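[1] Could you look at this predicted model? Sequence included:
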Amino acid sequence: MTIWQRIESDIQKITGEPFVITHKHSVSGGDINQAYHLSSKQGEYFVKLNSNDFAPMFVAEAQGLDVLRQCDAINVPNVVSYGQFEQYSYLVLEHVQMSPQGNIADFAVALANLHLYAREQFGFEQNNFIGRTPQINDWQSDWGRFFTEQRLGYQLSLLEQLHVSPVMIKKGRQLLPKLASYLNQHNPKPALVHGDLWQGNYAFDGASINGSTPVIYDPACYYADHEVDLAMLELFGDPGPEFFAAYHQINPIDRGYSKRKPIYNLYHLLNHATLFGSSYVHQSQSIIEQLTEQL
């Protein structure tokens, strides 16, 4: 049996119908996994493939997608199967005909409704991953402490293990208590967030009835200040004023968001510094110096 025969068998068990791959082609878009579009007369599927070491990432991704789907606020791909076979780990999802074109206001409304799902504490039912990096989600009632310890502090520790910029790490750690106090002045509610919502992790379902149904995927879910998703949408792009106007109508954005945004995006810049190196180290250092001057 090959890995593809194993995946065919999984699909057959889940659907209760025969499935034989007639077309398989690789799909670009990620820098961690191999991705494929499978099709046959019985249907189409999207498959992520990697070594066995990546199996926990696929489990966490499947769990995150299931949590998002249960909210019924925004579309996510259905999880079909995941597992391990020989040297491989894999994740099988329904195939969605992704399009970058759609009504950005529809996306804003769907995301705002997702963020209305709340818990009493910050964190998540289990740890997961942000990219390839573990993401610690121990429950806490103190948002400032949660974000500075389990997000920023954890990333600084990873960079320290890599012997990256001791001066930046020292300044970052000195800044954490001030950041925690500042974030707690905001006093946000713990909202369910995607957690890794850059422009490459949302699209529109081109096959939907109106051709514009928003879809999110590749989550790193947890309960957080809802602004963490908004901030990341602006880190590598700009969803535009129409997005924010539509979002604000459903889930108001508190004053001071623009000052909190670099704090929340520092987490992702530090993670990119851990994963990809130099240019993100310089960006992280610049944000730390900027925040040190402001606070």
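    Ah, there it is.
[2] Quick check: can you name the pairing partners of the worst-scoring helix or strand of the chain on mean pLDDT and their directions?
    None of the helices or strands of the chain scores lower by mean pLDDT, DSSP states H and E than strand 98-99, at a mean of 86. Here strand 98-99 is paired, per DSSP bridges, with strand 202-205 (antiparallel).
[3] And for the partner strand, what's in contact with it?
    75, 96-103, 107, 211-217 (C-beta atoms under 8 Å, 6 or more residues apart in numbering). (Each C-beta comes from the backbone N, C-alpha and C, glycine too.)
[4] From those residues, list just the buried residues.
    Neighbour counting over those (16 or more other C-beta atoms under 10 Å) leaves 75, 96, 98-99, 102-103, 107, 212-217 as the buried ones.
[5] List the buried residues in whichever strand or helix holds Glu8.
    Using DSSP states H and E, Glu8 sits within helix 3-15. Residues of helix 3-15 classed as buried: Ile3, Trp4, Arg6, Ile7, Glu8, Asp10, Ile11 (neighbour count, 16+ other C-beta under 10 Å).
[6] returning to what we had before: out of the buried ones among the contacts of strand 202-205, who's nearest Leu183?
    Ile216 (24.7 Å; C-beta to C-beta).
[7] Glu242: neighbour count?
    Look at Glu242: counted by other C-beta atoms under 10 Å, it has 12 neighbours.
[8] I'd say it and Phe107 touch.
    No. Counting by C-beta atoms under 8 Å, Phe107 is not a contact partner of Glu242; they are 10.0 Å apart.
[9] helix or strand for Met168, which one?
    helix 166-186.
[10] what sits up against whichever helix or strand comes after that helix?
    Per DSSP H and E, helix 166-186 leads on to strand 191-193 as the next helix or strand towards the C-terminus. Here strand 191-193 makes contact (C-beta under 8 Å, 6+ apart) with 67-68, 71, 114-119, 221-226, 228-229.
[11] Out of the residues you listed, which sit inside strands?
    Per DSSP state E, strands hold the following members of those: Tyr222, Tyr223, Ala224.
[12] which residues touch the second one?
    In other words, Tyr223. Ala118, Arg119, Gln121, Phe122, Gly123, Phe124, Pro190, Ala191, Leu192, Val193.
[13] Which parts of this protein belong to which domain?
    Listed domain ranges for the chain are 3-95, 104-294 (source: automatic domain parsing).
[14] sorry, back to before: narrow the contacts of strand 191-193 to those that are buried.
    Counted by 16+ other C-beta under 10 Å, those give 67-68, 114-115, 117, 221-226, 228-229 as buried.
[15] Looking at those, which is nearest Trp198?
    After measuring these against Trp198 - C-beta to C-beta - the closest member comes out as Asp229, at 9.9 Å.
[16] Which residues are in contact with the closest one?
    Contacts of Asp229 by C-beta under 8 Å, 6+ apart are Leu111, His115, Val193, His194, Gly195, Leu197.
[17] which residue packs closest to the fourth one, ignoring adjacent ones?
    With sequence-adjacent residues excluded and distances taken as C-beta to C-beta, 6 or more residues apart in numbering, His194 is closest to Pro219, at 5.0 Å.
[18] Look at that neighbour and give its secondary structure.
    What DSSP: H, G, I helix; E, B strand; the rest coil gives for Pro219 is coil.
[19] tell me the contacts of it?
    Glu61, Gly64, Leu65, Leu68, Val76, His194, Gly195, Asp196, Asn201.
[20] Could you list the paired strands of the helix or strand just after the helix holding Glu8 along with their orientation?
    Sequence order places strand 23-26 as the next helix or strand after helix 3-15, per DSSP H and E. Its sheet considered, strand 23-26 pairs with strand 34-40 (antiparallel) by DSSP bridges.
[21] Pull the residues that contact the partner strand.
    So strand 34-40 is in contact with 7, 19-29, 44-50, 95, going by C-beta under 8 Å, 6+ apart.
[22] Now the spatially most central residue of the chain: closest residue in space, sequence neighbours ignored.
    Geometric centre of the chain, nearest residue: Asp196, 2.5 Å, by C-alpha atoms, centre = their mean. Nearest residue to Asp196, sequence neighbours excluded (C-beta to C-beta, 6+ apart): Ala220, at 4.1 Å.
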